[in-house]
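**Student:** I would like to see how this sequence folds:
(one chain, ligands or ions: 1)
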Amino acid sequence: MTLELESFELLYESLKHLDAGFRNLPEFTPKVDLERMQRVLEEVTERMQDNYPYPHPLYAGQMLKPPHPVARLAYALAMWINPNNHALDGGRASSVMEKEAVAEIAHMYGWEDHLGHLCGGGTMANMEALWVAGRLRPGRKIVASSQAHYTHRRISEVLQLDFASVPVDTRARIDLNALEKILRQGNVGTVVATLGTTGCGSVDPLHEILDLQQHYGFRVHVDAAYGGYFALVDNLDSDAQASFDHLNQVDSIVVDPHKHGLQPYGCGCVLFRDPAVGTIYKHDSPYTYFSSNELHLGEISLECSRPGASAVGLWATLRLLPLVKSGEFAEGLARCRNAACSLFQYLKGDSRFLTVFPPELDIIVWAPRAAKSSTISKLSRAYFEQAAEAHLHLALVDLPAELARPHWAGVGFDEPAVTCLRSCLMKPEHFEWIDRIWSILKRIADSNRKTKRNYEKSNLGN
Ligand SMILES: *Cc1c(COP(=O)(O)O)cnc(C)c1O
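**Tutor:** Residues are numbered from 1 along each chain as shown. Here you go, the predicted structure:
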């Protein structure tokens with residue numbers, strides 16, 4: 001069995017318990033038409049089978065991690081109430097749970113006082129952080145590395161703030177010299193540091209960015225949508241570790257519980273170090289329902305309606321797996337990283353493959369070796385298909401030639417970008433499955449000897 005179904009009975013038990021809380025109300029039994037619903041659900045089930053097998057360890061492609069069963073159940077349980085965390089009137093219990101859960105995430109970065117809340121995802125969370133940044137540094141530029149998430153440029157467009165992209169170093173981290181050149185030109189309001197880039201999992205050197213901040217006085221926003229939870233592990237390289245160690249000094253942080261935090265989609269989180277930024281959100285809407293003097297989450301967020309169920313799922317997960325160093329959750333993340341490091345060692349030791357740089361978190365990028373980058377791209381795509389036939393699901397990433405060139409001596413670059421294979425090894429189980437994953441990759445390499453020769457011959461003809 002691939003899907004975890006064992007925990008499902010807990011949901012029914014918990015729902016009966018939840019229902020008992022309303023037993024003092026006059027009798028009211030909602031009607032359902034089970035027969036018609038069943039027919040629809042059969043169709044839904046058929047449709048849903050057309051998906052990659054995300055929960056299985058042989059799904060080692062995009063940034064997709066199965067939610068924890070307790071998150072799924074708590075989220076589903078909350079759906080019988082369907083709270084709206086915009087205001088306490090819409091979700092009293094779930095708003096309190098959100099504040100507690102967000103405080104625990106802030107605490108992971110050493111922040112006792114903070115302002116923050118959940119939101120739809122990393123994009124929304126970054127938008128909110130950059131909106132606040134723009135309010136505090138009006139008319140000034142946002143800068144982020146060329147490997148930062150593509151939405152930063154777009155968010156800046158929406159906010160009508162200028163945006164500049166900074167080149168990266170040979171490990172896909174923001175290039176500090178290039179950054180300083182832009183800073184010297186002036187008018188930079190905010191630097192976005194990415195702790196865990198989406199493509200390669202690289203960690204920008206935050207401590208050095210903070211040194212530059214001393215001199216140039218910009219705001220520092222950290223996009224840790226994917227990487228944020230790695231603050232808890234004890235097996236990072238010293239450079240990445242130093243960046244995570246400095247997170248408490250930045251102005252705002254984005255982390256996605258729906259990336260590495262075991263939550264269903266629709267769960268991002270934005271945090272501000274200075275709670276006073278809350279005043280920027282002031283609005284005066286006749287439609288909202290802020291009936292008490294306590295803080296309603298809608299008063300400190302850009303979005304209005306939000307699923308209280310997200311907060312309930314997250315809160316339940318944090319009860320089961322607290323965000324502590326050396327805890328069960330941290331151990332799971334450390335295993336993901338070990339999985340990526342093991343696969344890197346295997347690939348590095350086999351001359352049929354090319355690697356770029358060692359993984360900084362748990363994403364790894366590699367490619368089949370060939371003489372020209374265009375052949376490498378074709379082979380990567382062929383491997384992607386062949387691996388899928390063997391039930392191993394990988395991802396593809398286009399690396400700019402400048403990023404691959406320093407690592408691939410002897411390869412001729414005949415195109416501006418090269419398509420590589422990419423794996424996000426985000427499940428702790430990936431660690432036990434690495435040998436099997438590796439044996440599938442080796443088999444593909446064996447069977448591709450001829451394909452590669454054909455590609456190389458056709459290349460000579462061009
Ligand atoms: C995924 C990701 C985002 C976007 O987050 P969504 O939740 O997909 O909206 C932003 N930044 C980084 C670094 C990411 O990995």
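
**Student:** Was I right to think Leu88 contacts Glu98?
**Tutor:** No - applying CB atoms under 8 Å as the test, Leu88 and Glu98 come out as separate, 10.9 Å apart. Bear in mind the C-beta positions are built from the backbone N, C-alpha and C, glycine included.

**Student:** So these two - more neighbours on which side?
**Tutor:** Neighbour count, other CB atoms under 10 Å: between Leu88 and Glu98, Glu98 has more, with 25 against 21.

**Student:** ok now do that one, which residues does it touch?
**Tutor:** Going by CB atoms under 8 Å, 6 or more residues apart in numbering, Glu98 touches 85, 117-118, 297, 308, 310-311, 314-315.

**Student:** For those residues, could you give me CSV that also reports secondary structure and distance to the ligand?
**Tutor:** Compiled in CSV, those are given as follows (DSSP: H, G, I helix; E, B strand; the rest coil; distance: CB to the nearest ligand atom, whole Å):
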residue, secondary structure, distance to the ligand
Asn85, coil, 17
His117, strand, 15
Leu118, strand, 12
Leu297, helix, 19
Gly308, helix, 19
Ser310, helix, 12
Ala311, helix, 16
Leu314, helix, 14
Trp315, helix, 19
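
**Student:** Can you give the domain ranges for this structure?
**Tutor:** As recorded under automatic domain parsing, the domains making up the chain are 78-282+295-320, 328-461.

**Student:** How about this protein: which residue is closest to the ligand?
**Tutor:** Gly122 (2.3 Å; CB to the nearest ligand atom).

**Student:** And that residue, its phi and psi?
**Tutor:** phi -60, psi -40 (degrees, to the nearest 10).

**Student:** And stretch 345-355, what's buried?
**Tutor:** For stretch 345-355, a neighbour-count test (16 or more other CB atoms under 10 Å) marks 346-347, 350, 352-355 as buried.

**Student:** repeat for stretch 86-101
**Tutor:** Neighbour counts over stretch 86-101 (16+ other CB under 10 Å) mark 86-88, 90-91, 94-95, 97-99, 101 as buried.

**Student:** Stretch 129-139 too?
**Tutor:** For stretch 129-139, the neighbour count (16+ other CB under 10 Å) marks 129-134, 137 as buried.

**Student:** ok, and does it reach over to the ligand?
**Tutor:** No - on the criterion CB under 6 Å from any ligand atom, stretch 129-139 is out of touch with the ligand, staying 10.9 Å away.

**Student:** chain center to that stretch, what's the gap?
**Tutor:** 23 Å (CA atoms, centre = their mean, to the nearest Å).

**Student:** Next: stretch 383-399.
**Tutor:** 20 Å.

**Student:** Ok, stretch 359-379 next?
**Tutor:** 22 Å.

**Student:** Any residues of the protein in contact with the ligand? List them.
**Tutor:** Looking at the ligand, the residues of the chain close enough under CB under 6 Å from any ligand atom are 121-123, 126, 149, 151, 194, 198, 223, 225-226, 256, 259, 268.

**Student:** Tell me which of those residues fall in helices.
**Tutor:** 122-123, 126, 151 (DSSP state H).

**Student:** Now rank the residues you listed by neighbours and give me the top one.
**Tutor:** Going by other CB under 10 Å, Asn126 tops these with 28 neighbours.

**Student:** Quick one: residues contacting that residue.
**Tutor:** Contacts for Asn126 (CB under 8 Å, 6+ apart) come out as 149, 151-152, 155, 192, 221, 223, 225, 254, 270.

**Student:** Just name the closest of the residues you listed to Leu425, please.
**Tutor:** Distance to Leu425 across these (CB to CB) is lowest for Ala225, with 17.5 Å.

**Student:** Model confidence at the closest one, what's the number?
**Tutor:** For Ala225, the model assigns a pLDDT of 98.

**Student:** confidence score at the nearest residue to it once chain neighbours are set aside?
**Tutor:** The spatially closest residue to Ala225, leaving aside those adjacent along the chain, is Gly122, at 3.3 Å (CB to CB, 6 or more residues apart in numbering). For Gly122, the pLDDT comes out at 98.

**Student:** Please apply the same query to the one 4 residues further on.
**Tutor:** We have a pLDDT of 98 for Asn126.

**Student:** measure the spatially closest residue to it that is not a sequence neighbour to Arg219 for me?
**Tutor:** Once flanking residues are discounted, Asn126 sits nearest to Val254: 5.2 Å by CB to CB, 6+ apart. Between Val254 and Arg219 the computed distance is 14 Å (CB to CB, to the nearest Å).

**Student:** what does Ser458 give?
**Tutor:** From Ser458 to Arg219 the distance is 52 Å (CB to CB).

**Student:** So the two - more neighbours on which side?
**Tutor:** Arg219 (22 against 11).

**Student:** Let me see the backbone angles for that one.
**Tutor:** Note on Arg219: backbone dihedrals following degrees, to the nearest 10 are phi -80, psi 150.

**Student:** Kindly report the same for Trp433.
**Tutor:** Main-chain torsions, Trp433, degrees, to the nearest 10: phi -100, psi 0.

**Student:** Kindly state the pLDDT recorded for it?
**Tutor:** We have a pLDDT of 98 for Trp433.

**Student:** shouldn't it be in contact with Arg335?
**Tutor:** No - here Trp433 lies out of contact with Arg335, judged by CB under 8 Å, at a distance of 11.0 Å.

**Student:** of the two, who's got more company?
**Tutor:** Ranked by neighbour count (other CB under 10 Å), Trp433 and Arg335 place Arg335 first, with 20 against 17.

**Student:** Where does that one sit: helix, strand or coil?
**Tutor:** helix (DSSP: H, G, I helix; E, B strand; the rest coil).

**Student:** and it, what does it touch?
**Tutor:** 428, 430-431.

**Student:** and if you look at Val277?
**Tutor:** Listed by CB under 8 Å, 6+ apart, the contact partners of Val277 are 115, 132, 136.

**Student:** ok, then the element right after whichever helix or strand the second one is part of?
**Tutor:** Read it as Val132. Using DSSP states H and E, Val132 falls within helix 122-136. Beyond helix 122-136 in the direction of the C-terminus, DSSP H and E gives the next helix or strand as strand 141-145.

**Student:** What mean pLDDT does that following strand get?
**Tutor:** Here strand 141-145 scores 98 as its mean pLDDT.

**Student:** just stretch 346-362 next, same as before
**Tutor:** For stretch 346-362, the per-residue pLDDT averages 97.

**Student:** quick one: that stretch to chain centroid distance?
**Tutor:** For stretch 346-362, the distance to the chain centre is 22 Å (CA atoms, centre = their mean).

**Student:** okay if I get the buried residues of stretch 129-139 as JSON lines plus distance to Pro167 and pLDDT?
**Tutor:** Conversion of those to JSON lines gives the following (distance: CB to CB, whole Å; pLDDT from 0 to 100):
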{"residue": "Ala129", "distance to Pro167": "23", "pLDDT": "98"}
{"residue": "Leu130", "distance to Pro167": "21", "pLDDT": "98"}
{"residue": "Trp131", "distance to Pro167": "26", "pLDDT": "97"}
{"residue": "Val132", "distance to Pro167": "27", "pLDDT": "97"}
{"residue": "Ala133", "distance to Pro167": "22", "pLDDT": "97"}
{"residue": "Gly134", "distance to Pro167": "24", "pLDDT": "97"}
{"residue": "Arg137", "distance to Pro167": "23", "pLDDT": "97"}
